[in-house]
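A.B. asks: build the 3D model from these lines:
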Amino acid sequence: VQLQASGGGLVQAGGSLRLSCAASGRTISRDNMGWFRQVPEKAREFVATISWSRGRTYYTDYAEYVKGRFTISRDNAKNTLYLQMNSLKADDTAVYYCALGVRGGSAHYWGQGTLVTVSS
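C.D. replies: Down below sits the predicted model:
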């Protein structure tokens, strides 16, 4: 299983970015997925998760520090996870990792990370 994250970059505070995570090697439709982030010398922290679903209802959960600004979504037909990030702040600067098979703060598979830099 491989998770390829993309969409990171340099953006000014208040701007937006959309991260994508393309999965290969297995379908994601039966897995909880999520985004985490990490800055140097700090532990990786939770950003958002989205559940799997037999129907059309997905349950999402967000860290308090991104709630109302970030939106997690998935397209099972494209085997891809997304993170729409709006109203970005300098504190959002980090390497963002997508994860497959999320349970709590752990996951079965991790992507390679994509760097988001927000300039103030």
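A.B. asks: and the residue minimising distance to the centre of the chain, what helix or strand is that in?
C.D. replies: In the chain, the C-alpha nearest the mean C-alpha coordinate belongs to W35, at 2.8 Å (C-alpha atoms, centre = their mean). W35 is located in strand 33-38, with elements delineated by DSSP states H and E.
A.B. asks: run the chain-centre distance for that strand.
C.D. replies: From the chain centre to the centre of strand 33-38 is a distance of 5 Å (C-alpha atoms, centre = their mean, to the nearest Å).
A.B. asks: and what of stretch 4-20?
C.D. replies: For stretch 4-20, the distance to the chain centre is 11 Å (C-alpha atoms, centre = their mean).
A.B. asks: put the alpha carbons of that stretch into CSV.
C.D. replies: The C-alpha trace of stretch 4-20 is given here as CSV (Å, rounded to 0.1, in the frame of the first residue of the first chain):
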residue,chain,number,x,y,z
GLN,A,4,1.1,9.7,-2.1
ALA,A,5,0.4,13.1,-0.5
SER,A,6,0.6,16.3,-2.6
GLY,A,7,-0.6,19.9,-2.6
GLY,A,8,1.7,21.4,0.0
GLY,A,9,3.5,24.6,-0.6
LEU,A,10,4.1,28.2,0.5
VAL,A,11,1.1,30.4,1.2
GLN,A,12,0.5,33.6,2.9
ALA,A,13,-1.5,33.7,6.2
GLY,A,14,-5.2,33.8,5.4
GLY,A,15,-4.7,31.8,2.2
SER,A,16,-5.9,28.4,1.3
LEU,A,17,-4.4,25.1,0.1
ARG,A,18,-5.9,21.7,-0.8
LEU,A,19,-4.0,18.6,0.0
SER,A,20,-4.6,15.3,-1.7
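A.B. asks: this protein: strands as residue ranges?
C.D. replies: With DSSP state E as the criterion, the chain has strands at 2-6, 9-12, 17-24, 33-38, 45-50, 60-62, 70-75, 80-85, 94-100, 109-110, 114-119.
A.B. asks: tell me the angle of the first one relative to strand 94-100?
C.D. replies: In other words, strand 2-6. Counting by axes from the mean of the first three to the mean of the last three C-alpha atoms, to 10 degrees, strand 2-6 lies at 150 degrees to strand 94-100.
A.B. asks: kind regards, and thank you for your time.
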